[in-house]
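In: sequence first, then the predicted structure:
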Amino acid sequence: MYQFFVDDAQVHEHEIVIEGSDVNHIRNVLRMKIDERIRISNMSGKAYFCHITLITEDMVVAEIDSEDDNGTELGNRITLFQGLPKGDKMELIIQKAVELGVYKIVPVSMKNCVVKLDEKKAAKKVERWQAIAESAAKQSKRTIIPLIDKPVPYKLALEKAGKLDVTLVPYENERGMDATRQIMGQIKKGQSIGIVIGPEGGFAPEEIKLADDNDMHRISLGRRILRTETAGLATLAMLVFNLDS
């Protein structure tokens with residue numbers, strides 16, 4: 001069953017109107033027909049099972065059959081603070097993190113980041129990244145489209161993370177999975193969670209000290225050194241295992 005997203009104003013009492021680029025996708029790419037079933041989510045986080053009743057050049061109308069009461073979202077909002085990686089690795093990270101249930105992704109400029117983005121380049125990147133997040137949200141039947149923030153400096157990222165209930169900092173020099181299990185096991189449903197991931201070059205010593213000074217939890221992801229594009233996804237997968245019930 002295909003998934004689509006609409007604004008709240010497009011949801012009416014008994015039907016939902018789809019407009020914009022999704023109309024062309026439904027008509028000419030998917031070649032969907034009247035009475036085919038689809039799932040639609042609005043920006044408020046509600047999802048509906050529907051069937052198509054009208055297809056025109058400008059709109060698709062779907063009648064609401066029922067609400068998806070179970071939903072697909074985690075009981076915790078998880079923000080991934082990702083040190084900016086090289087090349088197109090950020091695209092992979094965003095795609096897979098959205099599939100795993102991340103709520104928001106904040107790209108972070110850190111001391112050992114090779115990539116340096118000016119404001120113009122950053123704006124174009126964020127636009128591209130947000131489109132990837134939307135596509136991944138549709139594929140994985142998310143009820144929301146996770147937000148991709150504009151890149152921020154490390155100190156500002158820690159300020160944002162400090163407002164969350166729990167922040168985890170996977171660190172290659174941290175040893176012992178027992179502490180990781182204990183920390184994750186203490187996270188309660190409904191708590192907001194941050195994950196801070198270093199870039200290819202890892203955390204600078206002063207960056208780790210700043211995380212320690214802000215009472216963030218260093219954790220280990222095992223005895224092997226993980227790449228930056230793997231570490232955040234591994235942490236998300238562990239959290240999903242503990243929280244997705």
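Out: Sure thing, it's come through. Residues are numbered from 1 along each chain as shown.
In: by mean pLDDT, which helix or strand of this structure comes out lowest?
Out: helix 177-185 (a mean of 89; mean pLDDT, DSSP states H and E).
In: mind checking the SS state of residue 49?
Out: Here residue 49 is recorded as strand under DSSP: H, G, I helix; E, B strand; the rest coil.
In: tell me how many other residues surround it.
Out: 15 (other Cβ atoms under 10 Å). Heads up, the C-betas are built off the backbone N, CA and C, glycines and all.
In: who does it bridge with?
Out: Beta-bridge pairing of residue 49 under DSSP bridges involves residue 39, residue 66.
In: list the contacts for it?
Out: 1, 37, 39, 64-68 (Cβ atoms under 8 Å, 6 or more residues apart in numbering).
In: filter the residues you listed to the buried ones?
Out: 39, 64 (16 or more other Cβ atoms under 10 Å).
In: ok, residue 3 - contacts?
Out: Residues near residue 3 by Cβ under 8 Å, 6+ apart: 38-41, 137-139, 141-142.
In: mind running it again at 7 Å?
Out: 39, 138, 141 (Cβ atoms under 7 Å, 6 or more residues apart in numbering).
In: which strand residues bridge the nearest residue to the second one once chain neighbours are set aside?
Out: Translated: residue 138. Take residue 138 and drop its neighbours on the chain: the residue closest to it by Cβ to Cβ, 6 or more residues apart in numbering is residue 3, 4.5 Å away. When assigned by DSSP bridges, residue 3 has beta-bridge partners residue 39.
In: residue 83 against residue 107, yeah?
Out: No. Counting by Cβ atoms under 7 Å, residue 83 does not reach residue 107; the two are 8.2 Å apart.
In: residues contacting the top helix by length along the chain, please?
Out: Longest helix of the chain, by residue count under DSSP state H: helix 119-139. With contacts defined as Cβ under 7 Å, 6+ apart, helix 119-139 is touched by 3-4, 90-91, 94-95, 98-99, 117, 145-146, 148, 150-151.
In: from the residues you listed, which is closest to residue 176?
Out: Among the contacts of helix 119-139, residue 99 lies closest to residue 176 (Cβ to Cβ), at 28.8 Å.
In: per-residue confidence for residue 72?
Out: On pLDDT, residue 72 comes in at 86.
In: give me the distance between the closest residue to residue 144 other than its chain neighbours and residue 185.
Out: Spatial nearest neighbour of residue 144, excluding adjacent residues (Cβ to Cβ, 6+ apart): residue 45 at 5.4 Å. Noted for residue 45: a distance of 27 Å to residue 185, by Cβ to Cβ, to the nearest Å.
In: go on, residue 121?
Out: When distance is defined by Cβ to Cβ, residue 121 is 41 Å away from residue 185.
In: coming back round to it: compare residue 45 and residue 185 and say which one has the larger neighbour count.
Out: Ranked by neighbour count (other Cβ under 10 Å), residue 45 and residue 185 place residue 45 first, with 11 against 8.
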